[in-house]
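Novice: with the input below, show me the fold.
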Amino acid sequence: MSLSADDVRKMARLSRLLISDADAAATLNALNNTLALVERMAAVDTRGVEPMAHAQDVALRLRPDAVTEADAREALMANAPAAERGLFLVPKVIE
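Specialist: Numbers count the residues shown, from 1 in each chain. Now for the predicted structure:
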């Protein structure tokens, strides 16, 4: 799959970006190179390859799941300009 200059201009318009012809040409080249790389990677036979989460076999050190901070809810709620049933009240922002 390859993109055209019209595709780049359409993506720029949808992204609300002002792009010059020179920048559009450079972006077109970069995007087509990226898509070509993805196509080459997709063509690789990966049957029998076990999926992995990390390139190295790394195990994270675990710590106990214990509360380390004191309960400061009441002190924090005292700073709120408006609160109800332990929740901060904020102005409605969606019309």
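
Novice: residues in contact with the nearest residue to Ala25 once chain neighbours are set aside?
Specialist: Leaving aside its sequence neighbours, Ala25 sits nearest to Ala5 (C-beta to C-beta, 6 or more residues apart in numbering; 7.2 Å). All C-beta spots, glycine's among them, are computed from the backbone N, C-alpha and C. Ala5 makes contact with Ala24, Ala25, Leu28, according to C-beta atoms under 8 Å, 6 or more residues apart in numbering.

Novice: and for the first one, the neighbour number?
Specialist: By that I understand Ala24. Other residues near Ala24 come to 17 when the count uses other C-beta atoms under 10 Å.

Novice: these two touch, right, it and Val8?
Specialist: Yes: if you go by C-beta atoms under 8 Å, Ala24 and Val8 touch, sitting 4.9 Å apart.

Novice: list the buried residues in stretch 46-61.
Specialist: Of the residues in stretch 46-61, none count as buried by neighbour count, 16 or more other C-beta atoms under 10 Å.

Novice: which of the contacts of Ala5 fall within strands?
Specialist: Of the contacts of Ala5, none are assigned to strands by DSSP state E.

Novice: just send these back as CSV, with pLDDT and distance to Val49 too.
Specialist: Below are the contacts of Ala5 laid out as CSV (pLDDT from 0 to 100; distance: C-beta to C-beta, whole Å):
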residue, pLDDT, distance to Val49
Ala24, 94, 38
Ala25, 94, 38
Leu28, 96, 33
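
Novice: between those residues, which is closest to Ile94?
Specialist: Closest approach to Ile94 among the contacts of Ala5 (C-beta to C-beta): Ala24, at 36.5 Å.

Novice: so which residue is smack in the middle of the chain?
Specialist: Centroid check for the chain by C-alpha atoms, centre = their mean gives Ser15 as the closest residue, at 16.3 Å.
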